[in-house]
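[1] dropping the sequence and predicted coords here.
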Amino acid sequence: MTSAPTTAVQSISSGVTDFLSRPVQHLIGGASVASASGESFATFNPCDSNELTQVAMGETEDIDRAVRAARQALGGPWAKMSPSDRSKILWRVGDLIEQRSEEFAVLEALDSGKPLTYARLVDIPLSADWFRYMAGWPTKLEGTTIPVSAVATPGNYFAYTVREPVGVVGAVIAWNFPLLLAAWKLSPALATGNTVVLKPAEQTPLTAALLGEVLRDAGVPDGVVNIVHGYGHTAGAALAAHPGVDKISFTGSTEVGREIISAARGNLKKVTLELGGKSPNVIFDDADIDAAIAGAANAIFFNQGEACEAGSRLYVQSKVYDRVVEGVAEIASELNVGNSLDPDTQIGPMVSKKQLDTVLGYLESGRVDGARAVVGGRQKGEAGYFVEPTVLVDTTPEMKVVREEIFGPVVTVASFDDPDDIVRMANDTDYGLAAGVWTSDVSKAHNIAAQFRAGTVWINSYHILDPALPFGGYKQSGWGREHGAAVLDAYTETKTVILNKG
Ligand code: NAP
Ligand code: MG
């Protein structure tokens with residue numbers, strides 16, 4: 001039995017209470033400032049819909065001030081600093097995140113509804129690790145020397161390349177991993193010498209604001225990172241369209257990704273996009289079935305299913321179908337759904353009323369289309385935005401619940417027989433962010449991995465993310481790659497220099 005949503009049991013430290021007692025301001029040019037308009041908006045705790053604090057509401061004028069601060073900082077101490085000194089500062093950011101990890105974790109849990117236990121285990125340590133990994137790059141941004149033939153203009157040439165920062169980066173992020181997504185943008189942008197204007201998601205501004213304090217304390221010079229809070233259709237749109245921004249790095253829905261592309265047209269700013277997914281997770285009958293069942297449940301229910309790479313379409317070979325459905329449903333029914341601050345909570349609420357309504361809308365659409373909930377299928381409790389972990393069977397490929405990203409704790413399950421069929425079924429989607437495969441046959445695993453049209457394939461595992469591993473989408477899941485050495489291309493321009501040696 002799933003337990004009913006519980007009340008908070010973790011007492012909140014004075015650091016967090018203090019933080020919440022003041023309105024959250026923008027960070028522009030090193031100063032904590034209110035909006036030009038003086039307006040603010042509330043951020044809420046999705047466990048009980050209570051207001052946590054007020055947040056400065058940035059609009060065009062605030063974005064403009066932040067972009068000017070970032071542009072000015074481009075030629076300042078950050079650019080003149082040695083790569084080794086930039087590395088030290090980025091490493092220190094990781095240390096300070098770790099030192100203040102409890103404040104970060106509690107604020108993240110309060111603001112987004114994710115279980116505190118997972119914020120402590122996943123979001124905060126990974127964010128620190130991202131800064132530390134990227135801290136290694138400033139001293140390794142090498143160019144190449146290139147032999148030149150120049151057949152039309154023969155001569156004695158010496159040619160080399162250098163990597164330079166793209167310039168001012170506008171970063172717009174989603175609410176599902178607020179601090180981690182900020183780290184995914186800021187750490188590579190800073191490691192490659194850019195300056196940044198970050199627009200956090202309106203639902204979850206708190207940890208980005210605390211990160212602003214950490215960046216200052218670590219020694220990031222004023223204006224190098226600017227943070228403007230506000231709504232997507234105003235602040236986000238102004239940033240994406242701003243002629244003083246050289247590149248937009250966006251994480252969010254495919255729908256808004258298209259708007260970012262249109263807005264970026266004016267000055268043809270560079271664009272990278274980390275978008276939605278509807279990732280297949282495939283279990284063959286020769287897999288370690290217990291591990292596959294636990295893995296399939298984790299693939300969808302981690303972070304309440306609010307994960308872009310969630311394994312939301314489960315395909316199971318016929319012979320083990322019943323056993324897997326039963327196993328995943330049993331785990332779903334035993335997950336503790338409750339207040340994010342309760343250390344026993346495994347599933348928190350949806351981030352907002354809007355997201356709750358979206359998920360409930362999909363559950364209704366599944367019902368109407370003939371899908372059956374083996375477990376779950378409804379809202380849970382009356383306060384807050386909780387949804388029962390749900391396993392849907394009797395699905396067909398054209399159903400909306402199978403085709404569209406639900407972004408909640410809802411998995412659809414279908415069976416297959418022939419390995420050739422499963423590749424076609426798995427790839428039958430507009431998305432291509434990730435995929436999973438469970439089998440003990442190594443050749444089969446690599447064969448299937450080769451045929452998936454997805455940016456990441458997990459074999460006998462799921463949700464393994466690491467700063468060293470490239471991540472991004474095929475098809476409508478995005479443009480470009482984040483993390484690892486691959487991300488450096490997204491944040492640098494390559495300059496080719498040719499010398500006529502005479
Ligand atoms: P979203 O609605 O696209 O919002 C993402 C960000 O864009 C928010 O900061 C939002 O601001 C802003 N925004 C909205 N409209 C805008 C506009 N016209 N111009 C500029 N910015 C605008 O996505 P979401 O609902 O927050 O996040 C869920 C989505 O993100 C899912 O599709 C998920 O798969 C995807 N995601 C992808 C990855 C990845 O790495 N591939 C990671 C996490 C999430 P407001 O919040 O203020 O409206
Ligand atoms: Mg909130």
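    The structure has been received and is ready for your questions. Ligands and ions are numbered 1, 2, ... in the order given.
[2] going by C-alpha atoms from here, please, whenever you check contacts or count neighbours.
    OK.
[3] who in the protein is up against ligand 2?
    43-44, 111, 203-204 (Cα under 5 Å from the ion).
[4] then stretch 416-431 to PDB, C-alphas only?
    Provided in PDB are the C-alpha atoms of stretch 416-431 (Å, rounded to 0.1, in the frame of the first residue of the first chain):
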ATOM      1  CA  PHE A 416       7.100  -7.900 -28.100                       C
ATOM      2  CA  ASP A 417       8.400 -11.100 -29.400                       C
ATOM      3  CA  ASP A 418      10.900 -10.500 -32.200                       C
ATOM      4  CA  PRO A 419      14.100  -8.500 -31.600                       C
ATOM      5  CA  ASP A 420      13.600  -6.900 -35.000                       C
ATOM      6  CA  ASP A 421      10.200  -5.600 -34.000                       C
ATOM      7  CA  ILE A 422      11.500  -4.000 -30.800                       C
ATOM      8  CA  VAL A 423      14.000  -1.800 -32.600                       C
ATOM      9  CA  ARG A 424      11.200  -0.500 -34.800                       C
ATOM     10  CA  MET A 425       8.800   0.000 -31.800                       C
ATOM     11  CA  ALA A 426      11.500   1.700 -29.700                       C
ATOM     12  CA  ASN A 427      12.400   4.100 -32.500                       C
ATOM     13  CA  ASP A 428       8.800   4.900 -33.300                       C
ATOM     14  CA  THR A 429       8.900   8.400 -31.600                       C
ATOM     15  CA  ASP A 430       9.700  12.000 -32.500                       C
ATOM     16  CA  TYR A 431      12.200  12.000 -29.600                       C
END
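[5] re the thing from before, now compare the residues of the chain next to ligand 2 and name the two farthest from each other.
    Phe44 and Thr204 (8.4 Å; Cα to Cα).
[6] overlap of the contact sets of those two?
    Asp111 (Cα atoms under 8 Å, 6 or more residues apart in numbering).
[7] between the two, which is the more surrounded one?
    Higher neighbour count among Phe44 and Thr204: Thr204, with 28 against 21, using other Cα atoms under 10 Å.
[8] what's the more buried one sitting at in phi/psi?
    phi -140, psi 70 (degrees, to the nearest 10).
[9] and the pLDDT for it?
    Looking at Thr204, its pLDDT stands at 98.
[10] wait, doesn't it sit right on Asp111?
    Yes - in this structure, Thr204 is within contact of Asp111 by Cα atoms under 8 Å, at 5.5 Å.
[11] what sits against Ser245?
    If you look again at residue 245, you'll see it is Val, not Ser. By Cα under 8 Å, 6+ apart, the neighbours of Val245 are 67, 167-170, 239, 269.
[12] just the buried subset of the residues you listed, written out for PyMOL, thanks.
    Remark: buried members of the contacts of Val245, expressed as a PyMOL selection using 16 or more other Cα atoms under 10 Å:
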select buried, resi 67+167+168+169+170+239+269
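[13] dump the contacts of Val245 to CSV, plus secondary structure.
    What follows is the contacts of Val245, written out as CSV (DSSP: H, G, I helix; E, B strand; the rest coil):
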residue, secondary structure
Val67, helix
Gly167, coil
Val168, strand
Val169, strand
Gly170, strand
Leu239, helix
Lys269, coil
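[14] filter the contacts of Val245 by proximity to ligand 1?
    The subset of those within reach of ligand 1, by Cα under 6 Å from any ligand atom, is empty.
[15] looking at the contacts of Val245, which is nearest Gly15?
    Gly170 (30.0 Å).
[16] run through the bridge partners of the closest one.
    Per DSSP bridges, the residues bridged to Gly170 are Val197, Ile248.
[17] could you check how far it is from Ala70?
    The gap separating Gly170 from Ala70 is 10 Å, by Cα to Cα, to the nearest Å.
[18] so for these two, which residues contact both of them?
    Contacts common to Gly170 and Ala70, judged by Cα under 8 Å, 6+ apart, are 196-197.
[19] sorry, back to before: find residues that contact each of Thr204 and Asp111.
    Thr43.
[20] show me where the stretch 301-450 of the chain has helices.
    318-334, 353-369, 400-403, 419-426, 442-451 (DSSP state H, counting those that start in this stretch).
[21] dump these into a markdown table; add distance to ligand 1, mean pLDDT and mean neighbour count as well.
    Formatted as a markdown table, the helices of the stretch 301-450 of the chain follow (distance: least, Cα to the nearest ligand atom, whole Å; pLDDT from 0 to 100; neighbours: other Cα atoms under 10 Å):
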| stretch | distance to ligand 1 | mean pLDDT | mean neighbour count |
| --- | --- | --- | --- |
| helix 318-334 | 22 | 98 | 18 |
| helix 353-369 | 8 | 98 | 17 |
| helix 400-403 | 13 | 98 | 21 |
| helix 419-426 | 17 | 95 | 15 |
| helix 442-451 | 19 | 98 | 14 |
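[22] now the ones you listed as CSV including distance to Tyr160?
    Formatted as CSV, the helices of the stretch 301-450 of the chain follow (distance: least, Cα to Cα, whole Å):
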stretch, distance to Tyr160
helix 318-334, 56
helix 353-369, 51
helix 400-403, 48
helix 419-426, 44
helix 442-451, 35
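[23] any idea which of those helices gets closest to Pro23?
    Between those, helix 353-369 lies closest to Pro23; by Cα to Cα that is 22.5 Å.
[24] which outside residues touch the closest one?
    46, 350, 372, 377-379, 385-387, 399-401, 406-408.
[25] of all these, which two lie farthest apart?
    Farthest pair in the contacts of helix 353-369, by Cα to Cα: Pro46 and Met399, 29.1 Å.
[26] look at those two and report which has more neighbours.
    Pro46 (29 against 15).
[27] list the residues that contact the more buried one.
    110-113, 349-353, 384-385.
[28] my read: Ala329 touches Val374, true?
    Yes - the pair Ala329 / Val374 is scored as a contact, 6.7 Å apart, by Cα under 8 Å.
[29] overlap of the contact sets of those two?
    With Cα under 8 Å, 6+ apart as the test, Ala329 and Val374 both reach 390-391.
[30] what distance do you get for the residue of the stretch 301-450 of the chain found nearest ligand 2 to Gln203?
    Residue nearest to ligand 2 within the stretch 301-450 of the chain (Cα to the ion): Val351, separated by 6.9 Å. Here Val351 is placed at a distance of 7 Å from Gln203 (Cα to Cα).
[31] same check on Ala174?
    9 Å.
[32] Ala287 now?
    For Ala287, the distance to Gln203 - Cα to Cα - is 40 Å.
[33] who has more neighbours, these two?
    Legend: neighbour count by other Cα under 10 Å for Ala287 and Gln203, higher for Gln203 (21 against 17).
[34] which secondary structure element contains the nearest residue to Ile498 once chain neighbours are set aside?
    In space, and not counting its chain neighbours, Ile498 is closest to Ala159: 4.3 Å by Cα to Cα, 6 or more residues apart in numbering. Applying DSSP states H and E as the criterion places Ala159 in strand 157-165.
[35] which strand or helix spans the residue nearest the centre of the chain?
    Relative to the mean C-alpha position of the chain, the nearest C-alpha, by Cα atoms, centre = their mean, is the one of Leu181, at 4.6 Å. Taking DSSP H and E as the criterion, Leu181 maps to helix 178-191.
[36] Ser49 and Gly384 touch, don't they?
    Yes - here Ser49 reaches Gly384: they are 5.8 Å apart, a contact under Cα under 8 Å.
[37] these two: which is more packed in?
    Each of Ser49 and Gly384 has its neighbours counted (other Cα under 10 Å); Gly384 has more, 25 against 15.
[38] verify the contact between the more buried one and Asn50 for me.
    No - using Cα under 8 Å, Gly384 is not in contact with Asn50; the gap is 9.0 Å.
[39] and Thr17, how many neighbours?
    Neighbours of Thr17 (other Cα under 10 Å): 13.
[40] hang on, it is in a strand, isn't it?
    No - counting by three-state DSSP, Thr17 is not found in a strand; it is helix.
[41] neighbours around the residue in the chain positioned nearest to ligand 2, how many?
    The minimum distance from the chain to ligand 2, using Cα to the ion, falls at Asp111 (3.7 Å). Neighbours of Asp111 under the rule other Cα under 10 Å: 27.
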